[in-house]
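> Structure of the sequence below:
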Amino acid sequence: MKIHRTFAFLLLFLLFAFNADSQIMEQENGQLGFLLVPILETVFSGDVKWRPDWPADVPPDAFLAENNGIKPAIIELYRAGRNYSIRRDREGRLIEFPHFSPEGNSMIHISYSSEGALQGMSVTLEESSDIIMDITFPSGFLPYSDLSPGGSFPPIIVNNGSSDFYVYIFESPRFLTETWYDSYGNLLMFSKAVTIVEKDTWKVRSLQIHDSSGINFIDYSFDSYGNITEIQNKHDTYSAYYRGSRPDYWGWYGFRYEFQWDTRGILSIIRVLGENYGLAVEYRYEYEIDFRGNWVSRRETAYIIQFDLLVPHPASSRGNWNRRIIF
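This next block holds a predicted model:
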């Protein structure tokens, strides 16, 4: 009961505090652009799974690879000007992974304390190798784990190279709140994430985000395998259907993507249909496969309809991807 009263007071305070000087908020908030909770969700899951809001040109099976059920220690995905990687430590925990978002893509680097809690995190933009966020976590920080007592955590300190921010996380069995302040004590952002907590994992079911631009709601839907089938916000809706862990259909921005997988579980064709469901482009793939059956090189050929014929169209190709996989 005491925790509920404390949270109610905190929420009222946060809503009141949103009347702070908006000019200061916008000035200090210039490089936030992301929430910590979705990143923490990936850290806790220990895996990077395809989502309907991923970039269209990144392979949906980019980080799917296995060796008798063992996850790789390293997967590097690269092509000219693009490089993403996931790395795990000896305990199998993620220490490096990409975070894809419609607001921008970034690479996340993680360090852990001796007891297994989060200790530090750095965030780098895809367009730059410069660190844009350097994050320090309080002792014992790992929500929804055996290390977590629940309730309010001490502040997380975020430095963007010129300013410090303070992030407060509140953990409840049904939600997580995330509150950002600048170094002057001005409230920049408040988010409530409704969560689904299961035996060995947790997922964000919805987000309610308050910041200087107003209120934004993001809702997530899942299938029985835990795959995200829909992401909906006030601007866009991303949807997908799956066979197992692989997408079979994907819809976003008025386009429909149809995926065709071969008997090995390797993507062979993507058909992109426009708003009238006419074929806009078809991508076909050829691979180099390693001795474990995982692809290490993917060559893309694009086809379009011309004169009622399906013909190659090199200008529509998005390029070839390569992977380095280490177990």
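
> If we go by neighbour counts, what in the strand or helix carrying Val194 is buried?
Val194 belongs to strand 187-197 when assigned by DSSP states H and E. By 16 or more other CB atoms under 10 Å, the buried positions in strand 187-197 come out as Leu187, Leu188, Met189, Phe190, Ser191, Lys192, Ala193, Val194, Thr195. Placement of C-beta: from N, CA and C, glycine included.

> Next: stretch 49-69.
The neighbour-count check on stretch 49-69 (16+ other CB under 10 Å) flags 50-54, 58-65 as buried.

> and the angle from the helix or strand containing Ile39 to strand 187-197?
Assigned by DSSP H and E, Ile39 belongs to helix 36-45. Relative orientation of helix 36-45 versus strand 187-197 (axes from the mean of the first three to the mean of the last three CA atoms, to 10 degrees): 30 degrees.

> Show me what helix 36-45 packs onto, helices and strands only.
Applying 3 or more CB pairs under 8 Å, 6 or more residues apart in numbering; DSSP states H and E, we find helix 36-45 packed against strand 94-99, strand 106-112, strand 118-125, strand 164-171, strand 175-182, strand 202-211.

> With just CA atoms, put that helix into CSV.
C-alpha atoms of helix 36-45 as CSV (Å, rounded to 0.1, in the frame of the first residue of the first chain):
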residue,chain,number,x,y,z
LEU,A,36,16.1,3.2,-22.0
VAL,A,37,13.3,0.7,-21.2
PRO,A,38,13.1,-0.9,-24.8
ILE,A,39,16.9,-1.3,-24.7
LEU,A,40,16.8,-2.9,-21.2
GLU,A,41,14.2,-5.3,-22.6
THR,A,42,16.7,-6.4,-25.2
VAL,A,43,19.5,-6.7,-22.7
PHE,A,44,17.3,-8.9,-20.4
SER,A,45,16.1,-11.1,-23.3
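
> what is the mean pLDDT for it?
Averaged across helix 36-45, the pLDDT comes to 94.

> Tell me the gap between whichever helix or strand comes after it and the middle of its chain.
From helix 36-45 onward toward the C-terminus, using DSSP H and E, the following helix or strand is strand 74-79. Distance, stretch centre to chain centre, for strand 74-79: 17 Å (CA atoms, centre = their mean, to the nearest Å).

> report the angle between the axes of the helix or strand just after strand 74-79 and strand 106-112?
Sequence order places strand 82-88 as the next helix or strand after strand 74-79, per DSSP H and E. Interaxial angle, strand 82-88 versus strand 106-112 (the same axes, to 10 degrees): 20 degrees.

> list the contacts for Ile266?
Asp61, Tyr285, Tyr287, Ile289, Trp295 (CB atoms under 8 Å, 6 or more residues apart in numbering).

> which of these has the most neighbours?
Ranked by the number of neighbours (other CB atoms under 10 Å), the contacts of Ile266 place Trp295 first, at 22 neighbours.

> just checking, it touches Glu288?
Yes - if you go by CB atoms under 8 Å, Trp295 and Glu288 touch, sitting 6.8 Å apart.

> Just the element for Asn216, please.
Using DSSP H and E, Asn216 maps to strand 214-222.
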